[in-house]
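Q: Below are the sequence and a predicted model for it; my questions follow.
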Amino acid sequence: MTIYDQADKNTRLTWIYILGFLVFVIGIGYVFAGAMNNYAILAVAVIFSVVMSFASYWWSDKIVLAMSGAKEVTRENALASPSLGRSGKEIYNIVENLCITAGLPVPKIYVIQDPSPNAFATGRNAEHAVICLTTGIIEKLEKPELEGVIAHELSHIGNKDILLSTVIVVLVGFVALLAGFFRRWSFFGGGRRSSDRDGGQLGLILMIAAIILSILAPVAAMLIQLAISRKREFLADADGALLTRYPEGLARALEKISADPTPMQHANQATAHLFIANPFKGKKVSSLFSTHPPISERVKRLRDIDVA
């Protein structure tokens with residue numbers, strides 16, 4: 001599969017997930033509207049699903065950046081920030097030079113004040129892309145290693161991974177919130193009112209539905225994240241290495257990120273799959289349920305690349 005095929009596939013998957021979200025929320029609204037004999041709930045579900053699907057496409061990057069506590073930096077304010085460990089001009093030069101090589105517009109650069117080394121890219125397309133770096137990765141990596149990381153993230157932008165990955169954060173989060181809302185409604189008032197009106201049958205139905213939703217919501221969230229193939233990381237590694245013509249830079253960067261014991265302060269399960277490496281340090285996760293392939297395997301593949 002070429003990078004162009006991968007980009008087209010990611011675009012198709014994005015729309016599939018958005019349509020699936022629409023169907024899911026409308027279906028839940030239909031079930032509860034019928035159970036309560038109040039079809040205003042169905043109208044609310046339709047409006048809610050349409051608005052959230054629209055928002056996930058246009059504003060998901062801003063939502064993710066806000067969740068991560070990221071702040072935009074420019075040449076001027078980055079130069080004035082000694083905590084970055086190197087000048088904003090140097091960071092911008094790295095990004096701009098790699099963008100020229102890749103044929104991509106220069107993305108905005110955001111920084112998370114976090115000592116753990118990590119990075120991610122977000123945005124709906126190359127023209128509205130963002131690269132986000134932690135202060136830890138800026139301070140702890142050498143220039144060739146930082147170039148490898150930025151090239152990896154630029155490859156995600158070029159492959160259109162960023163839209164798919166970022167939309168998933170918003171949709172999965174709101175599905176989980178919706179399930180939580182129905183669970184609370186069922187257990188704390190809705191079930192009792194229904195029991196008074198319908199002899200307890202509707203209350204029992206709603207309670208069972210709430211329990212099922214409360215169980216399935218986190219499972220669905222995990223499965224959707226895992227559905228974002230881990231091959232995208234291998235592809236971005238390979239494309240990033242070809243972009244810099246120096247696979248060893250990214251390989252050493254991944255080794256340093258993996259070996260650093262500092263836990264990330266601004267990560268959560270919804271955004272974990274966006275980062276270049278698993279942000280949850282010290283937590284043993286089966287490779288079957290990990291959103292990232294093993295670092296050792298990624299490093300081995302990078303060192304097997306021949307860029308001559």
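A: Good, I have the coordinates.
Q: Pass me the low-pLDDT residue ranges in the stretch 101-250 of the chain, would you?
A: 170-207, 209-211, 213-215, 217-218, 220-230 (pLDDT under 70).
Q: Now do the helices in it.
A: For the stretch 101-250 of the chain, the helices defined by DSSP state H, counting those that start in this stretch cover 135-140, 143-158, 161-185, 191-198, 201-227, 231-244, 247-259.
Q: now the last one and helix 143-158, what's the angle there?
A: Orientation note: helix 247-259 sits at an angle of 90 degrees relative to helix 143-158 (axes from the mean of the first three to the mean of the last three Cα atoms, to 10 degrees).
Q: mind saving the C-alpha coords of helix 247-259 as CSV?
A: Provided in CSV are the C-alpha atoms of helix 247-259 (Å, rounded to 0.1, in the frame of the first residue of the first chain):
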residue,chain,number,x,y,z
PRO,A,247,16.7,6.5,10.5
GLU,A,248,19.2,6.3,13.5
GLY,A,249,18.0,9.7,14.7
LEU,A,250,14.4,8.6,15.2
ALA,A,251,15.5,5.2,16.5
ARG,A,252,17.6,6.9,19.2
ALA,A,253,14.8,9.2,20.0
LEU,A,254,12.3,6.3,20.5
GLU,A,255,14.8,4.6,22.8
LYS,A,256,15.3,7.7,24.9
ILE,A,257,11.5,8.3,25.1
SER,A,258,10.9,4.7,26.2
ALA,A,259,13.8,4.7,28.7
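Q: Return the set of buried residues in that helix.
A: Pro247, Glu248, Gly249, Leu250, Ala251, Arg252, Ala253, Leu254, Lys256, Ile257, Ser258 (16 or more other Cβ atoms under 10 Å). For glycine as for every other residue, the C-beta is placed from the backbone atoms N, C-alpha and C.
Q: Kindly report the same for the second one.
A: For helix 143-158, burial by neighbour count (16+ other Cβ under 10 Å) applies to 145-158.
Q: and if you look at the first one?
A: Buried positions in helix 135-140, judged by neighbour count with 16+ other Cβ under 10 Å: Thr135, Gly136, Ile137, Ile138, Lys140.
Q: Might you report the residue contacts of the nearest residue to the third one once chain neighbours are set aside?
A: Going back to what we said before, that points to Ile137. Excluding the flanking residues, the one nearest Ile137 by Cβ to Cβ, 6 or more residues apart in numbering is Pro117, at 3.9 Å. With contact set as Cβ atoms under 8 Å, 6 or more residues apart in numbering, Pro117 has these partners: Thr134, Gly136, Ile137, Lys140, Leu141, Lys256, Ile257, Asp260, Thr262.
Q: ok, now with 7 Å
A: Thr134, Gly136, Ile137, Lys140, Leu141, Lys256, Ile257, Asp260 (Cβ atoms under 7 Å, 6 or more residues apart in numbering).
Q: pLDDT value on the closest residue to the fifth one other than its chain neighbours, please?
A: What that stands for is Leu141. Excluding the flanking residues, the one nearest Leu141 by Cβ to Cβ, 6+ apart is Ala253, at 5.6 Å. Looking at Ala253, its pLDDT is 97.
Q: likewise Thr11?
A: Confidence score, pLDDT, at Thr11: 67.
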